[in-house]
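>>> 3D, please:
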Amino acid sequence: MSATILYIEDNPQNLRLIRRMLSTADYTILEAFKGETGIQLALQHRPDLILVDINLPDMDGTEVAQRIKATPGYEQIPIIALTANAMHGDRERFLAKGCDGYIAKPVSRSELLEVTAHFLAKRATSGVLPVVDVEPHDPDNPKP
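Predicted coordinates for the structure are as follows:
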C-alpha cells in the first residue's frame, strides 16, 4: 500500500520538482497552494506525511503545522518543513513550532527520499502498540 503525502507549496515549479522527485517511490501525492487549503486536505484525507513550505501566501507554514497538530487524532502525522530559510536557528524555530523535520531548499532528491522514508517508517512503527511490562520490574529484587 502506498503512503499518501500532502505537499503544501505556493510555487508551481517547486510543486512539479518535488512531485517528480517523489515519483520514483510509490507515493500518492496531494497538493495545495495555500495553507488553509492544505489544512482542509489534511483533515479530509489524513495523509501519512505532510511537506509544507514555510512561506505561504495566506499563513506561515508553522501555523499550518500547529493547526494540524492541534486537531485530535492528527498529532502523530509527521510534518516536514521545506524552506529556503536556512539561517542559523531556523531549523530549531521550525521544530519548536510544530514541524517534525526540516529540509533546506534547494532540495536534493536523495535527501528528500531519505527524510520522507525515515518519517514514514517511524510513523508506521508508532502505530504498533508498545510492549508493556505487566508486573512492575524491581532491578534490586529480580525474580528467579
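
>>> could you pull out the strands for this structure?
Taking DSSP state E to define them, one finds strands in the chain at 3-8, 27-32, 49-53, 79-83, 101-104.

>>> Might you report the residue contacts of the residue lying closest to residue 3 once chain neighbours are set aside?
Leaving aside its sequence neighbours, residue 3 sits nearest to residue 48 (C-beta to C-beta, 6 or more residues apart in numbering; 4.1 Å). To be clear about C-beta, it is placed using only N, CA and C from the backbone, and glycine gets the same treatment. Contacts for residue 48 were tallied using C-beta atoms under 8 Å, 6 or more residues apart in numbering; they are 3-5, 77, 120, 123.

>>> With residue 11 instead?
Residues counted as contacts of residue 11 (C-beta under 8 Å, 6+ apart) are residue 53.

>>> what do you get for the one 4 residues further on?
By C-beta under 8 Å, 6+ apart, the contact set of residue 15 is 7, 9, 31, 33.

>>> so residue 60 touches residue 66, yeah?
No: using C-beta atoms under 8 Å, residue 60 makes no contact with residue 66, being 9.2 Å away.

>>> re earlier: now pLDDT and neighbour count too, for the contacts of residue 48, in TSV please.
Compiled in TSV, the contacts of residue 48 are given as follows (pLDDT from 0 to 100; neighbours: other C-beta atoms under 10 Å):
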residue	pLDDT	neighbour count
3	95	20
4	97	16
5	98	24
77	96	20
120	94	18
123	74	16
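
>>> partners of the closest residue in space to residue 103 that isn't next to it in sequence in the sheet?
Nearest residue to residue 103 in three dimensions, chain neighbours excluded: residue 82, at 5.1 Å (C-beta to C-beta, 6+ apart). Beta-bridge partners recorded for residue 82 (DSSP bridges): residue 53, residue 103.

>>> Residue 16 versus residue 82, what's the distance?
Using C-beta to C-beta, to the nearest Å, residue 82 is found at 14 Å from residue 16.

>>> Run the chain-centre distance for the helix-or-strand element of the chain with minimal mean pLDDT.
Lowest by mean pLDDT, DSSP states H and E among the helices and strands of the chain is helix 90-96, with a mean of 82. Mean C-alpha position of helix 90-96 versus that of the full chain (C-alpha atoms, centre = their mean, to the nearest Å) differs by 14 Å.

>>> Thanks a lot, see you next time.
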